[in-house]
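>>> attaching a predicted model along with its sequence, questions to come.
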Amino acid sequence: AGHVDDAHIEANARTGKDWPSHGLNYQENRFSPLKQIHSGNVDQLGLAWSYKLDSSRGVEATPIVVNGVMYVSAPWSVVHAVDARTGKALWTYDPQVPREMAYKGCCDVVNRGVAVYKGKVFVGAFDGRLIALDAATGRQVWSTDTIDNKNFSYTITGAPRVFKGKVYIGNGGAEYGARGYVTAYDAETGKQVWRFYTVPGDPARAYESKALEEAAKTWDPAGRYWESGGGGTVWNSLVFDPELDQMYIGVGNGSPWAHRKRSPAGGDNLYLGSIVALDPDTGAYKWHYQETPGDNWDFTSAQDIVQADIRIDGKLRKVLLHAPKNGYFFVIDRQSGKFISARNFVPVNWARGYDGNGRPIMEEAVRGAGKAEIIPGPLGAHNWHSMAYSPQTGLAYIPAQHIPTAMADDPNWTGFNSNTPGQLMSNTGWNTGRVMLEPSSPPFGRLIVWDPVRQKEAWHQKHVSPWNGGTLATAGDLVFQGTADARLVAYHARSGKKLWAAPMGSGVIAAPVSYELDGRQYVSIAVGWGGAFGLGDRVADFKSPGTVYTFVLGGKAPMPERVAYQMNALIGGLKYDQQLVPAGAALYNSNCIACHGYPGISKGGALPSLTYLPVAMIDNLGSFIINGPATSRGMPDFAGKLSDDDVQKLRAFILAMADAVRPGLPAEKGR
Ligand SMILES: O=C(O)c1cc(C(=O)O)c2c(n1)C(=O)C(=O)c1cc(C(=O)O)[nH]c1-2
Ligand SMILES: [Ca+2]
């Protein structure tokens, strides 16, 4: 890995032999120029090797492959170096993330991958450490704590990026309350070079930059937003543009979610929901474009940013292509930051479109304090699952979805760390200011293929559920995507015709990569079900441990045995007090829902559904919730947070939900 530097990454973009950086090249288009595997022979793909990641939670990593070695991260930020010819382990590195850290992140103990540069491997540990390893041995070279304020619940889930001799990383944490920033460190020494905050801090103190002085004018200090951090975490995307010598960061949602609580007089709340361009050497602000002014729904713009040069109205334009959570596909001039166009790629109900200046025309009823279903939901029309763009077809390949959610402002919100039953996960430290209510729109998952010039769908494939994997496009006129129902599929990149599929060990959420070794083209994918939606829900009947699968033409290795998902019967036959059910529902929303899903409806994901627990467990629910055995695997300890009465209410709600979905006559239910 010693040869991987800026020049190598740029030269490799032309050959595609290595996969040396997160999005393959600096453009992060995930378009491999390799074409040994093509639409005419992809049906001959077979397994070359598989590798066990020794994990049971969500696997989100894009593997890095250089010079015959694959570097791939697993849950809990564990790094594996694998011989890409044979699939044999070279070394592993476990940063020993304290297990009680798990619930300090919103969305599973995931890691989206490592970066490789000049003989080092860089990983962001879930607990906020940025760590440099010797690429040859896996030994730690340096480690630095990226967290500037321990009152907030910062994590790292994203892949670091390295360019110009610096490692760049942002943090997660805006559901809990955090103030977003991105930091650059010297790649050799780990010394901090600069830090850019994305939202203003306490106005009683000096703002760190002119950009924040400007941003502060779009926030109402009456909301004391700085106490909850304000939000704006850069938890997934940051990319480098070598041509314009600038970088782009995708900025997240508000803390708290509720705009009215955060900034009572309104305001755009810059730089939430924006793409911001920065000077990579100094962190100085260059421009921004805000996709979601005054975010109210966890509408992050942290989705991956793709750079492209495309012809619009006869002129070649340097643009960014972006499909953030809010459901619109954006084309932005990356020189000036000026809005070019936006069109919704899924149904949306929060805006009626964008005006010529790039401002959304808001649907005020959906912004109201009362109950409103938000479409797309807070898990987004597109989440972190990466989007490929093929310059060959001129199409973007979007893992799109809708996960229904309805919400209202919490009238009992009193500020940072205010906790009331019903307020989303508030008893575990989330700070949304929003209560969860029953939605009615149907969920879906789709591969949507989008023409950015016409702002129009080219074709789509329907999936059986939301939460499918990221995409890879290749010069062989192929697009690869893993699915929630445990397959890796290849489609014709132009027609959308399905050409090949292989069974995976569990639902797939990460993106495939492709590279060439000894004259042969490989396709690899890291698989393990989990992440935000996958924690509490699933469609596949399999839940094999985390595995990397590598395919080659004519590959003959046996597919690893798949492990069936173990599930008990729908719980029933127990007495409970109907009158406790509504209070139990509210407690469920403020304590359990983000990890265990909707009881009754969900059949469990990476973590079990509580309506499918063994009877003995539900009868001793308190012993699992209060100082229970799962705390060593990351479950919060609710001692002092939930009373015995609360446990009875939760139990009643769980049993009632099981009865609600049980087939049979109402009179027979709920004995
Ligand atoms: O606001 C944040 O700081 C933040 C962080 C993360 C994260 O770090 O994983 C996610 C989100 N938000 C988020 O909104 C979201 O939908 C999400 C999904 C996932 C995942 O890994 O499946 N992470 C995150
Ligand atoms: Ca978020």
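Nice, thanks for sending it over. Ligands and ions are numbered 1, 2, ... in the order given.

>>> switch to C-alpha atoms for all contacts and neighbour counts from now on
OK.

>>> dump the residue contacts of the closest residue to F533 other than its chain neighbours.
Closest residue to F533 apart from its sequence neighbours, by Cα to Cα, 6 or more residues apart in numbering: W467 at 6.8 Å. Neighbour list for W467: 399, 401, 445, 483-484, 509, 533-534 [criterion: Cα atoms under 8 Å, 6 or more residues apart in numbering].

>>> just the element for W467, please.
Under the criterion DSSP states H and E, no helix or strand holds W467.

>>> distance-wise, check it relative to V234.
21 Å (Cα to Cα, to the nearest Å).

>>> also D577?
D577 is 45 Å from V234, by Cα to Cα.

>>> higher neighbour count, the two?
Between D577 and V234, counted using other Cα atoms under 10 Å, V234 has the larger neighbour count: 32 against 14.

>>> hey, C-alpha coordinates of stretch 570-580 in CSV?
Output of stretch 570-580 as CSV, limited to C-alpha atoms (Å, rounded to 0.1, in the frame of the first residue of the first chain):
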residue,chain,number,x,y,z
LEU,A,570,-45.5,-14.8,17.9
ILE,A,571,-45.8,-14.4,21.6
GLY,A,572,-49.2,-15.1,23.1
GLY,A,573,-51.1,-16.8,25.9
LEU,A,574,-50.1,-14.3,28.6
LYS,A,575,-52.4,-12.0,30.6
TYR,A,576,-52.0,-8.3,30.5
ASP,A,577,-53.9,-5.2,31.4
GLN,A,578,-55.4,-3.5,28.3
GLN,A,579,-55.4,-0.2,30.1
LEU,A,580,-51.6,-0.1,30.2
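
>>> you'd agree A408 is up against V366?
No - in this structure A408 lies outside contact range of V366 using Cα atoms under 8 Å: 9.7 Å.

>>> list residues touching both of these two?
Common neighbours of A408 and V366 (Cα under 8 Å, 6+ apart) are A372.

>>> which residue is the nearest non-sequential neighbour of Q246?
Nearest one to Q246, counting by Cα to Cα, 6+ apart, is D279 at 5.1 Å.

>>> what does P629 show for phi and psi?
The phi and psi values for P629, taken as degrees, to the nearest 10, are phi -70, psi -20.

>>> so who does it touch?
With Cα under 8 Å, 6+ apart, P629 has no contacts at all.

>>> show me where this protein has helices.
With DSSP state H as the criterion, the chain has helices at 6-15, 210-216, 259-262, 364-367, 531-534, 581-591, 593-596, 615-619, 621-625, 644-661.

>>> so which of those helices gets nearest G337?
Across those, the minimum distance to G337, taken as Cα to Cα, is reached by helix 210-216, at 14.8 Å.

>>> now the closest one: average pLDDT?
Here helix 210-216 scores 97 as its mean pLDDT.

>>> same question for stretch 631-641.
Confidence over stretch 631-641 (mean pLDDT, whole number) is 94.

>>> not counting that stretch itself, show me its contacts.
By Cα under 8 Å, 6+ apart, stretch 631-641 touches 99-103, 427-428, 625-628.

>>> and for the residue nearest the centre of the chain, nearest residue in space, chain neighbours not counted?
Centre of the chain computed as the mean C-alpha position; nearest residue by Cα atoms, centre = their mean is W384, 3.6 Å away. Nearest non-adjacent residue to W384, counting by Cα to Cα, 6+ apart: Q303, 5.2 Å away.

>>> give the contact list for that neighbour.
236-237, 250, 322-325, 382-386.

>>> can you put those residues in a markdown table and add distance to ligand 1?
Listed next are these as a markdown table, based on distance: Cα to the nearest ligand atom, whole Å:
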| residue | distance to ligand 1 |
| --- | --- |
| N236 | 7 |
| S237 | 11 |
| G250 | 11 |
| H322 | 16 |
| A323 | 14 |
| P324 | 11 |
| K325 | 8 |
| H382 | 9 |
| N383 | 6 |
| W384 | 6 |
| H385 | 8 |
| S386 | 12 |
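
>>> contacts only, for the closest residue to K35 other than its chain neighbours.
The shortest distance from K35 to any non-neighbouring residue, by Cα to Cα, 6+ apart, is to G476 (4.2 Å). Shown in contact with G476 (Cα under 8 Å, 6+ apart): 33-39.

>>> give me the buried subset of the residues you listed.
33-34, 36-39 (16 or more other Cα atoms under 10 Å).

>>> so where's this protein shaky on pLDDT?
By pLDDT under 70, the weakly predicted segments of the chain are 665-671.

>>> near ligand 1, which residues of it show up?
For the chain, the residues in contact with ligand 1 (Cα under 6 Å from any ligand atom) are 107, 110, 157, 172-175, 233, 235, 252-253, 298, 379, 531-532.

>>> out of those, which comes closest to T393?
L379 (28.7 Å).

>>> correct me if wrong: that closest one contacts K325.
Yes - contact criterion Cα under 8 Å: L379 and K325 qualify, at 7.0 Å.
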